[in-house]
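A.B. asks: Structure of the sequence below:
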Amino acid sequence: MGQLALGVRSLLIRIAVFVVMAALLAWILGGTLFPRAETADGPAVTWRGATWRLRLAVGGDAPGLVRWLLIRQAGESKPEPWPLAGFDRWVEASGPVAAGEHLYVAFRDHDASEWTLATITESGFDSISLPDRLEVERQLARLRGGLPLQSRPDAMADRPGVLGGDAAAVP
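C.D. replies: Numbers count the residues shown, from 1 in each chain. Presented below is the predicted three-dimensional model:
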């Protein structure tokens, strides 16, 4: 029984030395043993007494994993993700824009070809589908400039003038 205890102790010492050496090597090479997501925050807007921003998180559970989060921070409280349907599937996002009683954020899911522009109100959210990032940025610029959000048919009718071409050539 004494030799078994010595063997287990020896094994635990070897495992501890291995973990310490691996951690030192990872630190020297500029990494870590336990990867965490690197984050970057986008521009903030104030809406309904809170600060809202998009946060990009890369890495973490899987190398190269990209997640966009809509973050809300009220006063000095800790920033918290605001649950907007499917936010963990966004591969691209834009916004937020606060205009009047609404907050707008646009995103594209990893399996979608079109963008979604969400209009967030105090009671929930509504959304419209837009064909591409150009149209999303155009609508967000309209909102920043004090103009109303266009419906999809109105936005599509304006595209030839925006793109400066033949109306028949624009999808």
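A.B. asks: contacting residues around the most centrally placed residue in the chain?
C.D. replies: With distances taken as Cα atoms, centre = their mean, the chain has residue 68 as the residue nearest its mean C-alpha position (1.2 Å). Counting by Cβ atoms under 8 Å, 6 or more residues apart in numbering, residue 68 touches 54, 55, 56, 57, 87, 90, 91, 92, 93, 107. Using the backbone N, CA and C atoms, a C-beta is placed for each residue, glycine as well.
A.B. asks: Which of those sits closest to residue 24?
C.D. replies: residue 57 (27.0 Å; Cβ to Cβ).
A.B. asks: Assign the closest one to helix, strand or coil.
C.D. replies: With DSSP: H, G, I helix; E, B strand; the rest coil as the basis, residue 57 sits in strand.
A.B. asks: Could you report the pLDDT at it?
C.D. replies: Residue 57 carries a pLDDT value of 80.
A.B. asks: in the sheet, who's paired with it?
C.D. replies: residue 39, residue 67 (DSSP bridges).
A.B. asks: Do I have it right that it meets residue 64?
C.D. replies: No. Taking Cβ atoms under 8 Å as the definition, residue 57 is not a contact partner of residue 64, at 11.7 Å.
A.B. asks: neighbour-wise, which of those two wins?
C.D. replies: Neighbours were tallied for residue 57 and for residue 64 using other Cβ atoms under 10 Å; the higher tally belongs to residue 57 (17 against 6).
A.B. asks: Could you tell me which residues make contact with residue 140?
C.D. replies: Counted by Cβ under 8 Å, 6+ apart, residue 140 has contacts 94, 95, 97, 104, 106, 117.
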